[in-house]
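Enquirer: Coordinates only, no sequence provided:
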C-alpha cells in the first residue's frame, strides 16, 4: 500500500495526490490546473507552505502578539448588572397601584364627559 502511494504516474503525481486533487477539483479543467501546479511545485523542489514568509502571517496569529492573561487581570470578568430600580417591593406595588388609579380616574373623567355631551345634545 505504501508503494502505491509513493508510485508516481506519468504527470509525476502519487496516488494520494491524485486522490486529493480529484476531491478538490470541481471540473476536469480544475483538476488539470491543480495537477500542473503540483507537478511544477515538485519540479522546483519547493516545499508547499501556507505562509512562505513570517511577514505573511497575520498579526493575530503571531505568538508575539498574544497578551498574557495575568497582565490583564486573568480571564474576562462578568460585568455586574443591577436590575434594581432602588425601590422596595412595597414601594413598587404602591407605584403600580397609583398608576392604575390614575388610569381609572382618566377613564371615569372621559366617561363623564361623554355622558355630559350626550345629555347636553339630547336636551336641545
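Expert: Great, that's in hand. Because the structure is a prediction, the values reported are computed rather than measured.

Enquirer: ok so residue 79 is a helix residue?
Expert: No. In this structure, residue 79 is coil, not part of a helix, as judged by DSSP: H, G, I helix; E, B strand; the rest coil.

Enquirer: Look up how far residue 120 lies from it.
Expert: 61 Å (C-beta to C-beta, to the nearest Å). For every residue, glycine as well, the C-beta is placed using N, CA and C.

Enquirer: what do you get for residue 23?
Expert: 89 Å.

Enquirer: now do residue 22
Expert: For residue 22, the distance to residue 120 - C-beta to C-beta - is 92 Å.

Enquirer: burial of residue 22, as a residue count?
Expert: When neighbours are counted by other C-beta atoms under 10 Å, residue 22 registers 11.

Enquirer: Among residue 79 and residue 120, which residue is more densely surrounded?
Expert: residue 120 (9 against 5).

Enquirer: For that one, which residues are in contact?
Expert: Contact partners of residue 120, counting by C-beta atoms under 8 Å, 6 or more residues apart in numbering, are absent.

Enquirer: before we move on, what about residue 13?
Expert: Residue 13 touches 21, 35, 38-39, counting by C-beta under 8 Å, 6+ apart.

Enquirer: From those, list just the buried residues.
Expert: 21, 35, 38 (16 or more other C-beta atoms under 10 Å).

Enquirer: Just the pLDDT at the closest residue to the first one other than its chain neighbours, thanks.
Expert: Closest residue in space to residue 21, ignoring its immediate chain neighbours: residue 34 at 4.6 Å, by C-beta to C-beta, 6 or more residues apart in numbering. In this prediction, residue 34 carries a pLDDT score of 87.
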